[in-house]
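Q: Return atomic coordinates for the entry below.
(chains A and B)
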Amino acid sequence: MRRWLAVVAVVFAKEAADILRDRRALLTVGVVAILAGPVLLLMLANMLAGFEARAERRIALVDGIDHAPTLRNYLLRETVRIEPAPPGYADALRAGRLPDPVLVVPADFEARLAAGEVPRLVILTDSGNARADAGVARLQRWLSGFAAQRSALELAMRGVAAGNHGRIEIDVQDSASPLARATRVFGMLPFFFVLAALYGVWGAALDTTVGERERGTLQPLLLTPAAGGALVAGKWLAVSAVGAGITALTVLSFLPAQVLMPGETLRAMFVFGTREVLTSLALFLPLPGLFAALLMLVGAGARTLRAAQAGATGVMLAAALLPLAVKTGDGAVGWPDWVPVLSQHAHMLALLAGDAVSPWRILLSAAACLAIACAALVVVSRQLPRRIA
Amino acid sequence: MIEVRALAKTFPHDGGDRRAPPVRALRGLSFTAPDGCVTGLLGPNGAGKTTALRILAGLERADAGTVRVGDQTELPWAERLGFFTDGCGLYARLSGHQNIAYHGRLHGLDNVAIAGRIAALSAALGLDPLLLLRPAGGYSQGERMRVALARALVHAPRHIVLDEPTHGLDVASVRRLRRFLRHLASPEGGGHCVLVSSHAMDEVARLADRVVVMAQGVALAAGSVAEIVARSGASTFEEAFVQLAFGEGA
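A: As a prediction, this is how the structure comes out:
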């Protein structure tokens, strides 16, 4: 056992030195990891600020407002600025150049309204234009307000009290806390950490298996008295350690990045302090070990680096699509706790929503990663010597 | 001593083509490489030399037959065998010294022993100590070969198996390697068992005390160059080799 551990230490030291000397690859991965937090947060913050600004914007693009003086008066009283729709607005909406929907008023609007008929208004939007589509609800709200006011006035003229005409008052109350809302906004964070764990080990894991075979360095290695299991364990530890470093760097980069977020509201929404950082590290640091083992498995079974890269894409797709394909439920302990990536994703979302994640669930998640990694490494240590040719 | 008896190996198909017929690489190969002697395994391309050496090293499993290395008939014998093939690569980002030392550590040597072995092998193989400090990625073919050879011998194995060891070496390096291997086989050098495989007849004739001529997976003749020439009735070793390996009419 002592000899076995000594071999693991020797292989670990060599592999770590080899990986750290690949400065170009390391620099690329390191820079991406350090910049990940600031860039992603700024991107999200700007996107969110854009949405909020548009939600608060009281501008209505109208084609034919001259046909509806009553509606114009109402909108102006509601402090809505009315702007004429630009020429060719339908094409502009389709092309995504127009960020707001257009209200189209027919020429007989006012006449039909006066006659007690039901005039028809058209809100022109394009579901492929997300920014314009988001403004439809705002426009509908103003028009509903106008319709309700018209009904109340007509009933009043017929002698019915405005408060007694039986309409239902609807008051929408948002029960979500700022943190819960943040979960929706910053919900892509777990994806990001998972990807960081994956690309942190990608190159090194394939290089230590199929890369060694292609370079012809695997054969001399297998001719030493070192046990196959010890060689594989040393390689895996080195790759995992580097991957864990990249993942930790990515998680930590979100800590200072918060300062760069514009606006108090956004800063209040994104709470990522010491507790969140430590929990994130505990959640995501086992993942590089899992991915390293799975990619080494792919590398050990492949004949060429190119074939291994094609196989490794499957691991990446599984990691990226699993949380999208499987709903993790109501947060109660269940089978997703045993599924790596899925459990990290669910726990991270809970953490962002301000909920506590129990340490034993984190341990469960880590244990699942370790168990799968160990199984993969056993296969690698059996497969690697058989695939020398 | 290395002893090979009735070794047989058939590959199910040729390379990546699964429809190709099976390849019978070895058909009952038997030979002995004694201690204190350089034995040359000589044969044309496709004779089965590399397959035989890979089985010897434990990199392939034989379908039939036995291999004895010293007094041992069961794998692993990595500690007593030094194996080199010209296809062996080096870690490009590590220096030559680190490449050799890594294998020394995997063989269980401590740093003092490794430093001693590297110094001895550098002198024997003509490796400049400064060259060994440079990353191996920048080495020439000959430098790579010599460093890989030093790596294969770092643990001072009793049995040395070399597959095409002079491939890519210049004349001076070949002469130095020849001297080194003959020294290892001599009583002063420890009387090692040295087995060298090559398809270059002149090289084997110059280096080996004993030659095993093989073709189509079997050993056709064994003995000193003079014995093989005398037994074949040919006037030169080249003529004897062509007669044996390619048939009389070749």
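
Q: Bridged to the spatially most central residue of chain B, which residues?
A: Closest residue to the average C-alpha location of chain B: residue B:162 at 1.5 Å, with Cα atoms, centre = their mean. Residue B:162 has these beta-bridge partners by DSSP bridges: residue B:84, residue B:196.

Q: Compute the first-to-last residue distance for stretch A:251-258.
A: Distance between the boundary residues of stretch A:251-258 (Cα to Cα, to the nearest Å) amounts to 12 Å.

Q: Chain B contacts on chain A?
A: A:3, A:6-7, A:10-11, A:14, A:17-18, A:21-22, A:215-217, A:219-226, A:388 (Cβ under 8 Å from any Cβ of the partner chain). Glycine gets a C-beta too; all of them are placed from N, C-alpha and C.

Q: Next up, the contacts around the residue nearest to the centre of chain B.
A: Counting by Cβ atoms under 8 Å, 6 or more residues apart in numbering or on different chains, residue B:162 touches B:83-85, B:149, B:152, B:181, B:194-197.

Q: What is the burial count for the closest residue to chain A within chain B?
A: Closest residue of chain B to chain A, Cβ to the nearest Cβ: residue B:89 (3.4 Å). Residue B:89: 18 surrounding residues under other Cβ atoms under 10 Å in any protein chain shown.

Q: thought it was touching residue A:217?
A: Yes. Using Cβ atoms under 8 Å, residue B:89 makes contact with residue A:217 at a distance of 4.6 Å.

Q: which residues in chain A form strands?
A: For chain A, the strands defined by DSSP state E cover A:59-63, A:81-84, A:102-104, A:122-124.

Q: Pick the most deeply packed of those.
A: Highest mean neighbour count among the strands of chain A (mean count of other Cβ atoms under 10 Å in any protein chain shown): strand A:102-104, with a mean of 22.

Q: for that one, what is the average pLDDT?
A: For strand A:102-104, mean pLDDT is 92.

Q: quick one: strands adjacent to it?
A: strand A:59-63 (parallel), strand A:122-124 (antiparallel).

Q: tally of neighbours for residue A:293?
A: When neighbours are counted by other Cβ under 10 Å, residue A:293 comes out with 27.

Q: What is the burial count for the closest residue to residue A:359 other than its chain neighbours?
A: Using Cβ to Cβ, 6 or more residues apart in numbering or on different chains and skipping residues adjacent in sequence, the residue nearest residue A:359 is residue A:282, 7.9 Å away. By other Cβ under 10 Å, 16 other residues sit near residue A:282.

Q: Same check on the one 4 residues further on?
A: Applying the criterion other Cβ under 10 Å, we find 24 residues in the vicinity of residue A:286.

Q: if I look at it, how far off is chain B?
A: The gap separating residue A:286 from chain B is 28 Å, by Cβ to the nearest Cβ, to the nearest Å.

Q: between the strands of chain A, which one is nearest to residue A:274?
A: Checking the strands of chain A against residue A:274 by Cβ to Cβ gives strand A:59-63 as the closest, at 43.1 Å.

Q: what's the burial count for whatever residue of the stretch 101-250 of chain A ends up closest to chain B?
A: Residue nearest to chain B within the stretch 101-250 of chain A: residue A:216 (3.4 Å; Cβ to the nearest Cβ). Neighbour count of residue A:216, defined by other Cβ under 10 Å: 16.

Q: Just the pLDDT at it, thanks.
A: 87.

Q: Same check on residue A:142?
A: So residue A:142 comes in at 88 (pLDDT).

Q: Give the burial count for it, as a bare number.
A: Residue A:142 has 17 nearby residues by other Cβ under 10 Å.

Q: returning to what we had before: will you turn the contacts of residue B:162 into JSON lines that also has distance to residue A:242 and neighbour count?
A: Below are the contacts of residue B:162 laid out as JSON lines (distance: Cβ to Cβ, whole Å; neighbours: other Cβ atoms under 10 Å in any protein chain shown):
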{"residue": "B:83", "distance to residue A:242": "31", "neighbour count": "24"}
{"residue": "B:84", "distance to residue A:242": "31", "neighbour count": "24"}
{"residue": "B:85", "distance to residue A:242": "31", "neighbour count": "23"}
{"residue": "B:149", "distance to residue A:242": "31", "neighbour count": "27"}
{"residue": "B:152", "distance to residue A:242": "29", "neighbour count": "24"}
{"residue": "B:181", "distance to residue A:242": "41", "neighbour count": "22"}
{"residue": "B:194", "distance to residue A:242": "41", "neighbour count": "27"}
{"residue": "B:195", "distance to residue A:242": "41", "neighbour count": "26"}
{"residue": "B:196", "distance to residue A:242": "41", "neighbour count": "27"}
{"residue": "B:197", "distance to residue A:242": "40", "neighbour count": "24"}
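
Q: From those, which one has the minimum pLDDT?
A: Least confident of the contacts of residue B:162 in the model: residue B:85, at 83.

Q: List the contacts of that one.
A: By Cβ under 8 Å, 6+ apart, the neighbours of residue B:85 are A:219, B:50, B:53, B:162-164.

Q: out of the residues you listed, who's nearest residue A:368?
A: Distances from residue A:368 to the contacts of residue B:85, taken by Cβ to Cβ, are shortest for residue A:219, at 35.1 Å.

Q: Would you confirm that the closest one contacts residue B:86?
A: No. Using Cβ under 8 Å, residue A:219 is not in contact with residue B:86; the gap is 11.5 Å.

Q: When these two are compared, which one has more neighbours?
A: residue A:219 (21 against 18).

Q: if I look at that one, how far off is residue B:198?
A: For residue A:219, the distance to residue B:198 (Cβ to Cβ, to the nearest Å) stands at 19 Å.

Q: Buried ones in stretch B:32-41, by neighbour count?
A: Using 16 or more other Cβ atoms under 10 Å in any protein chain shown as the test for burial, stretch B:32-41 gives B:32-33, B:36-41.
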